[in-house]
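In: I would like the atomic coordinates for the input below:
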Amino acid sequence: MNFTSFQSAHIVALIPEITLILLIPVIMALDLILPESRRRQLGLVTAIGLFAAAALAFIFSLPNGENALIFGGTLRNDLASFLFRIIFMFSGAITALISLDVEGLGRKGEYYAILVGCVIGMNFMASAADLIMLYLAIETASIGLYVLAGFLRDDDKSTESGLKYFLFGATTSTIMLYGFSLLFGYTGETNLYAIAEAIKGGEVPTAVAVAITLMAAIGIGFKVAIVPFHFWTPDVYEGAPTPVTAFLSVASKSAGFAVLMRVFLISLDPGSTQWAPMMTAIAAVTMTLGNFLALPQRNIKRLLAYSSIAHAGYAMLGIVALTKEGVAATMFYLLAYVFTNLAAFTVVILFSRVAGSDEIADYAGLSRRSPGLALVMLVAFLSLGGMPPLAGFVSKFFVFAAAVQSNMVWLAMVGIINSIIGLYYYLIVLKVVYVKPAPEGAPAIGIPRAYGFALGLLCFAIVFVGTVATPWYDWAVAAAKSLF
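Out: Numbering: from 1, shown residues only. Have a look, this model is predicted:
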């Protein structure tokens, strides 16, 4: 292959990211050109651009069994990174759609530009095969998320959530960077696969390897929101604009898991005896604490925040199984969780626009005020609870099966018990929606066309992935194999 064709192959692999980079100036130009009355179209342009980038990824960037290191070994074009990039672009597109009519967001070009920037950063997080590229990608995504969380400057809760997210995120990121510097100092390598060989060769002392593991766990654990790095989640989820909360809960969490897989299963895998027991304990505690703290919640966004922590614990089961099937189960779990949580948060956005409240008690009689929204909430919450035949049931089955196959039956039992606890508080919300009478004079809640499209797509995906799971799981297995 000559130099020109070599460069062309690299550029083709990044066509989705190039498309998104070009989308940002288009958004900002339209923000300047369009009158205030037409700036709602900015969200539609952003969503179309993100969907187009995902479509171009399938056409041009789908790896054909070649797990190639590109751009000097800083990026790896494999099926695992491709799967995560699709998740991020899909999440960004749906977030743009559900932001259209949100006051303070829907007509702001800079909001959509930052959202696209975050997606670009996450795409590189999933593809990074080098410590320097990985850290730059993490910061690219993180800085945008800090701004989005505090985007509503006149809202005290939003500014507080943005500041908290920034302070905690910057601290944990610094600790992780120090761990990365130790990895480079002892191995002389920044490539994740070369670092794995160096650790396997005994170039990193055991005590140092343990310290590096802890520092990496702090930085990545913050992104994933696992215990004990979960403390920011309820306040940030409650205070941030609801579309941003939705994006944080699915895209940011998935990006964290993409990094977790690359760092722990590739670079630190030769030292898995140091980190696997710790991560196993964290998985058990995370799903247990998340579910128990969700039980007394009265605010829907805080309930979904603690639910998100619990689901991070479930997804961890596939990682600690230390098998390719376990990694595939985690990828499948994240895919199902994206559809389900985005649907739940879209209902929260539409309800909050009319009712002006995020309190669970105010959802009384939603089934009479908006049968369509109530049905979406039923599908989403039953999927989160792991009820068949929805995507949440199949995804939990796969991660529990991965734990059992790795002789961690006790951990699978902890997961099953926690699923029952989780189903209890999801059913409490559904009881309010379907059984409690609506307040007298409560207005009906309409569903704008763009939101209806998003909800229809998400509900279809939840049911389709749950009932036709084999092709999706096979794709996840192939992606898991490409990671190694």
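
In: Okay, now the unreliable bits of this protein?
Out: 1-10, 65-67, 269-273 (pLDDT under 70).

In: Would you map the strands across it?
Out: In the chain, the segments counted as strands under DSSP state E are 68-70, 75-77.

In: And the first one, what does it pack against?
Out: With contacts defined as 3 or more CB pairs under 8 Å, 6 or more residues apart in numbering; DSSP states H and E, the packing partners of strand 68-70 are helix 3-13, strand 75-77. For glycine as for every other residue, the C-beta is placed from the backbone atoms N, C-alpha and C.

In: Note down every partner strand of that strand and its orientation.
Out: Pairing partners of strand 68-70, with direction, according to DSSP bridges: strand 75-77 (antiparallel).

In: what residues does the strand it pairs with touch?
Out: 13-14, 61, 63, 66-70, 81, 124, 127-130, 133 (CB atoms under 8 Å, 6 or more residues apart in numbering).

In: on that earlier part again, buried deepest among the strands of the chain, which one?
Out: strand 75-77 (a mean of 25; mean count of other CB atoms under 10 Å).

In: got the strands of the chain as TSV, with distance to Ile212 columns?
Out: Listed next are those as TSV, based on distance: least, CB to CB, whole Å:
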stretch	distance to Ile212
strand 68-70	23
strand 75-77	21
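
In: Select, out of those strands, the one closest to Val263.
Out: For those, proximity to Val263 was assessed by CB to CB; strand 75-77 is nearest, at 13.0 Å.

In: contacting residues for Gly372?
Out: Listed by CB under 8 Å, 6+ apart, the contact set of Gly372 reads Ile447, Gly452, Leu455.

In: Between those, which sits nearest Phe264?
Out: Closest to Phe264, out of all of those and judged by CB to CB, is Leu455, at 35.6 Å.

In: need the helices for the stretch 1-150 of the chain, in chain order.
Out: Residue ranges of the helices in the stretch 1-150 of the chain, as given by DSSP state H, counting those that start in this stretch, are 3-13, 15-33, 41-56, 79-97, 109-127, 131-149.

In: Pipe those into a markdown table and attach distance to Ile417 per row.
Out: Listed next are these as a markdown table, based on distance: least, CB to CB, whole Å:
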| stretch | distance to Ile417 |
| --- | --- |
| helix 3-13 | 44 |
| helix 15-33 | 41 |
| helix 41-56 | 37 |
| helix 79-97 | 29 |
| helix 109-127 | 32 |
| helix 131-149 | 33 |
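
In: Turn the contacts of Gly372 into CSV, columns for distance to Gly239 and neighbour count.
Out: What follows is the contacts of Gly372, written out as CSV (distance: CB to CB, whole Å; neighbours: other CB atoms under 10 Å):
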residue, distance to Gly239, neighbour count
Ile447, 26, 18
Gly452, 28, 16
Leu455, 25, 25
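
In: Cross these against helices and list the overlap.
Out: For the contacts of Gly372, the ones inside helices are Gly452, Leu455, with DSSP state H as the criterion.

In: Out of the contacts of Gly372, which is nearest to Pro243?
Out: For the contacts of Gly372, the nearest to Pro243 is Leu455 (13.8 Å; CB to CB).

In: For that closest one, which residues are in contact?
Out: Ala343, Thr346, Val347, Gly372, Val376, Ile447.

In: Throw the helices of the stretch 1-150 of the chain into a markdown table and include distance to Ile266 and mean neighbour count, thanks.
Out: Formatted as a markdown table, the helices of the stretch 1-150 of the chain follow (distance: least, CB to CB, whole Å; neighbours: other CB atoms under 10 Å):
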| stretch | distance to Ile266 | mean neighbour count |
| --- | --- | --- |
| helix 3-13 | 19 | 13 |
| helix 15-33 | 22 | 17 |
| helix 41-56 | 26 | 21 |
| helix 79-97 | 10 | 26 |
| helix 109-127 | 13 | 25 |
| helix 131-149 | 11 | 22 |
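
In: Tell me which of those helices sits nearest to Cys459.
Out: Here helix 79-97 is closest among those (CB to CB), at 12.2 Å.

In: Can you get me a residue count around Trp410?
Out: Residues lying near Trp410 (other CB atoms under 10 Å) number 12.

In: if I look at Pro228, how far off is Met261?
Out: Using CB to CB, to the nearest Å, Pro228 is found at 21 Å from Met261.

In: the more surrounded of those two?
Out: With neighbours defined as other CB under 10 Å, Pro228 and Met261 compare such that Met261 has more, 22 against 11.

In: Would you agree the more buried one is in contact with Ala80?
Out: Yes - using CB atoms under 8 Å, Met261 makes contact with Ala80 at a distance of 7.2 Å.

In: check contacts around Ala344.
Out: Per CB under 8 Å, 6+ apart, neighbours of Ala344: Leu304, Met377, Ala380, Phe381, Leu384.

In: nearest residue to the second one other than its sequence neighbours?
Out: In other words, Met377. Leaving aside its chain neighbours, Met377 sits nearest to Val347 (4.8 Å; criterion: CB to CB, 6 or more residues apart in numbering).

In: contacting residues around that neighbour?
Out: Val347 is in contact with Leu373, Val376, Met377, Ala380, Leu455, counting by CB under 8 Å, 6+ apart.

In: Looking at those, spot the one nearest Phe292.
Out: Nearest to Phe292 among those: Ala380, at 21.6 Å, using CB to CB.

In: Neighbours of Thr171, how many?
Out: Using other CB under 10 Å, Thr171 has 13 neighbouring residues.

In: Relative to Tyr451, how far out is the residue nearest to Met377?
Out: For Val347, the distance to Tyr451 equals 9 Å [CB to CB].

In: same check, this time on Asn299
Out: Asn299 is 22 Å from Tyr451, by CB to CB.

In: and if you look at Thr171?
Out: Taking CB to CB, one finds Thr171 at 37 Å from Tyr451.

In: before we move on, what about Met413?
Out: From Met413 to Tyr451 the distance is 40 Å (CB to CB).

In: Which one of these two is surrounded by more residues?
Out: A count of neighbours by other CB under 10 Å puts Tyr451 above the other of Met413 and Tyr451, at 21 against 13.

In: can you pull out the helices in the stretch 351-484 of the chain?
Out: 366-369, 371-385, 391-405, 409-434, 449-467, 470-483.
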